[in-house]
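*Asks:* this is the structure alone, sequence omitted:
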């Protein structure tokens with residue numbers, strides 16, 4: 001069983017975390033509290049970024065839908081005449097330092113999410129562990145608003161507004177901090193954010209209000225030649241489904257909702273993917289997330305399909321969310337939580 005699947009069982013299926021994890025979670029809570037206190041006391045300094053920053057993050061480890069939301073937001077801001085750019089850490093990549101990504105980059109070098117963002121967003125993407133430096137690189141490239149894919153807990157990065165994405169079906173799991181539970185921060189952190197986006201339907205988050213987003217599949221794209229097919233073309237047949245994301249079950253459920261019989265192959269988030277691991281020996285189609293598909297460049301691609309998704313809001317919710325963001329952008333950057341007195 002993948003490590004992530006084992007942890008997910010503890011975090012989301014068990015009523016209480018194991019006793020041996022609870023002291024470690026208490027230590028984690030203490031260390032994060034000290035970390036935040038050092039910034040509030042001015043011992044550690046928030047960096048300067050010469051344009052407003054929107055941080056899209058979450059309270060939990062694993063996928064909640066941040067990356068599709070970042071792509072949607074950049075397209076929406078560009079449609080309003082702004083010049084957005086994206087900052088991402090490049091998790092899983094081997095490269096160090098800060099640089100602008102290109103569509104020809106390899107996921108092994110800059111990370112799967114960075115490759116996906118630069119290919120799908122249509123805006124400049126800067127990759128680097130030093131997010132403030134990466135943001136300044138985008139400013140130098142002509143961007144006038146920065147969208148950070150993750151970074152809610154990266155306190156050195158200033159921000160004009162914070163958007164937290166919540167999985168409406170999984171919520172906060174057992175409600176414990178890492179590693180006993182999936183939480184990076186306690187739920188009280190939601191009091192200081194600008195907006196909450198609920199991904200999907202459901203009330204696992206305990207009635208927390210927010211803007212509802214749905215991830216809509218855009219069909220299937222053949223990796224060999226770029227041919228597109230509706231997911232309905234796979235209905236009634238069994239396929240191998242590969243998902244190396246924070247919540248693989250969401251991908252499998254999406255395919256099943258289209259009438260597809262799923263042979264599930266969950267993988268750890270950001271796990272490397274080799275062509276031999278996709279050869280199941282029975283000739284059935286292999287459908288995978290777009291984040292997994294970017295790792296398959298240069299492999300024998302026959303029979304492999306990517307299933308891209310896009311974030312979607314009701315028009316009124318989209319307009320209201322963008323209005324809140326634009327208002328905060330006009331106010332400029334502050335430190336994490338400052339806009340709500342946190």
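*Replies:* Looks like it arrived, so ask away. None of these values were measured; they are calculated from a predicted model.

*Asks:* now residue 278: how far from residue 208?
*Replies:* When CB to CB, to the nearest Å is applied, the distance between residue 278 and residue 208 equals 38 Å. (C-beta placed from N, C-alpha, C; glycine too.)

*Asks:* sorry, that was for residue 83
*Replies:* 33 Å.

*Asks:* the helix or strand harbouring residue 8: which residues count as buried?
*Replies:* Taking DSSP states H and E as the criterion, residue 8 maps to helix 3-8. For helix 3-8, the neighbour count (16 or more other CB atoms under 10 Å) marks 4, 7, 8 as buried.

*Asks:* hang on, the earlier thing: neighbour count for residue 278 and residue 208, which is higher?
*Replies:* Each of residue 278 and residue 208 had its neighbours counted (other CB atoms under 10 Å), and the higher figure belongs to residue 278 (19 against 16).

*Asks:* isn't that one right next to residue 304, touching?
*Replies:* Yes - between residue 278 and residue 304 a contact is recorded at 6.3 Å, counting by CB atoms under 8 Å.

*Asks:* touching both of the two, which residues are there?
*Replies:* Jointly contacting residue 278 and residue 304 under the rule CB atoms under 8 Å, 6 or more residues apart in numbering are 286, 288, 296.

*Asks:* you'd agree the second one is in a helix?
*Replies:* No - when the secondary structure is assigned by DSSP: H, G, I helix; E, B strand; the rest coil, residue 288 falls in strand instead of a helix.

*Asks:* thinking again about what came up before, tell me which of the buried residues of helix 3-8 is nearest to residue 225?
*Replies:* For the buried residues of helix 3-8, the minimum distance to residue 225 (CB to CB) is 32.1 Å, reached by residue 4.

*Asks:* the closest one and residue 163: what is the separation?
*Replies:* Residue 4 sits 24 Å away from residue 163, going by CB to CB.

*Asks:* low pLDDT regions in the stretch 201-342 of the chain?
*Replies:* Applying pLDDT under 70 to the stretch 201-342 of the chain picks out residues 298-299, 337-342.

*Asks:* try 90 this time
*Replies:* Across the stretch 201-342 of the chain, the ranges flagged by pLDDT under 90 are 201-209, 246-247, 268-277, 296-302, 334-342.

*Asks:* so what are the domain limits for this structure?
*Replies:* The chain breaks down into these structural domains: 40-214+313-340, 219-307 (assignment by automatic domain parsing).

*Asks:* so which helix or strand takes in the nearest residue to residue 178 once chain neighbours are set aside?
*Replies:* Distances taken as CB to CB, 6 or more residues apart in numbering put residue 28 closest to residue 178, at 5.3 Å, once the chain neighbours are dropped. Here residue 28, judged by DSSP H and E, is contained in helix 22-40.

*Asks:* helices along the chain, start to end?
*Replies:* Taking DSSP state H as the criterion, the chain contains helices spanning 3-8, 22-40, 66-79, 107-110, 112-120, 131-140, 248-257, 290-293, 315-331.

*Asks:* list the contacts for residue 163?
*Replies:* Residues touching residue 163, when contacts are defined by CB under 8 Å, 6+ apart, comprise 54, 55, 56, 57, 69, 73, 193, 194, 195, 196, 197, 325.

*Asks:* ok, residue 167 - contacts?
*Replies:* Remark: with contacts taken as CB under 8 Å, 6+ apart, residue 167 is in contact with 60, 63, 64, 65, 199, 200, 204, 205, 247, 250.

*Asks:* which single one of those is nearest to residue 234?
*Replies:* residue 250 (17.6 Å).

*Asks:* count the residues that sit near the closest one.
*Replies:* Using other CB under 10 Å, residue 250 has 21 other residues around it.

*Asks:* and it, how far is that from residue 3?
*Replies:* Plainly put, residue 250 is 19 Å away from residue 3 if you go by CB to CB.

*Asks:* tell me the average confidence for the helix holding residue 8?
*Replies:* Average pLDDT, helix 3-8: 79.

*Asks:* so what touches that helix?
*Replies:* Counting contacts by CB under 8 Å, 6+ apart, the residues touching helix 3-8 from outside are 62, 179, 182, 246, 247, 248, 266, 267, 268, 269.

*Asks:* which pLDDT value goes with residue 94?
*Replies:* Taking residue 94 on its own, its pLDDT is 87.

*Asks:* can you give me the neighbour number for it?
*Replies:* The number of residues near residue 94, taken as other CB under 10 Å, comes to 10.

*Asks:* residue contacts, it?
*Replies:* For residue 94, the contact set (CB under 8 Å, 6+ apart) comprises 108, 109.

*Asks:* please report how far it lies from residue 109.
*Replies:* Taking CB to CB as the criterion, residue 94 is separated from residue 109 by 6 Å.
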